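Asks: Structure of the sequence below:
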Amino acid sequence: MVDSVFGNLDKEATKEAFKEYLKEWKKYKLKAMQNFPGVKSPSMDGQPNDGTPHDPDQKFVNHAEAEYQWRERINCCKNLMTVGEDEEILGDILLHRFIKGWSAIRTMNYINEHYNAYMSERTFRMKQEQALWEGALMCPDDSVRIKR
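Replies: Reported below is the predicted structural model:
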């Protein structure tokens, strides 16, 4: 697709890269929980110290970066949901399929029940592909948009 805003993008590669980007949510969530900075008694230099011999500031930076990364992935789904009525379903599909890790059938049943609609499996797959494409275009991380 040639686009004046995004340039020449490889649609399939972009959707696949965005899918992987969303699936990394759990890795960053666990990393944020693991890197939660703790402060123990002050050391002899008067600076806070968590008892490890490394730079204490780096632990705060690592925690903040991991926290930002997992929240950004969820925000991609939520932002898509706010674009319009049709995109609300798309954002919900991304949230349940790739953030929560639900199966396609479980997500499709949830969408049908929650939005009081009937969506066939084929329609669901097409909506999922549309959600991945539109989500990738809205994603703040440029690395998910793969150029030809």
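Asks: When you work out contacts or count neighbours from here on, use the C-alpha atoms and nothing else.
Replies: Will do.
Asks: And the strands in this structure, which stretches?
Replies: Counting by DSSP state E, residue ranges of the strands within the chain are 2-3, 7-8.
Asks: now do the same end-to-end measure for stretch 117-125.
Replies: This stretch, stretch 117-125, spans 15 Å end to end (CA to CA, to the nearest Å).
Asks: That one: which residues count as buried?
Replies: Buried residues in stretch 117-125, defined by neighbour count with 16 or more other CA atoms under 10 Å: Phe124.
Asks: ok, now stretch 129-146?
Replies: Under the neighbour-count criterion of 16+ other CA under 10 Å, stretch 129-146 has 129, 131-137, 139, 144-146 buried.
Asks: can you give me the end-to-end distance of it?
Replies: 16 Å.
Asks: Need the residues that contact that stretch.
Replies: Stretch 129-146 has contacts (CA atoms under 8 Å, 6 or more residues apart in numbering) with 9-11, 13-15, 17-19, 21, 76-77, 80, 87, 90-91, 93-94.
Asks: Stretch 88-107 now?
Replies: Contacts to stretch 88-107, defined as CA under 8 Å, 6+ apart, come from residues 19, 22-23, 25-26, 74, 76-82, 108, 111, 115, 121, 127-128, 130-132, 135.
Asks: show me where this structure has helices.
Replies: 11-23, 25-34, 56-81, 85-94, 104-114, 121-138 (DSSP state H).
Asks: Pipe those helices into TSV and attach mean pLDDT per row.
Replies: What follows is the helices of the chain, written out as TSV (pLDDT from 0 to 100):
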stretch	mean pLDDT
helix 11-23	94
helix 25-34	88
helix 56-81	87
helix 85-94	90
helix 104-114	94
helix 121-138	94
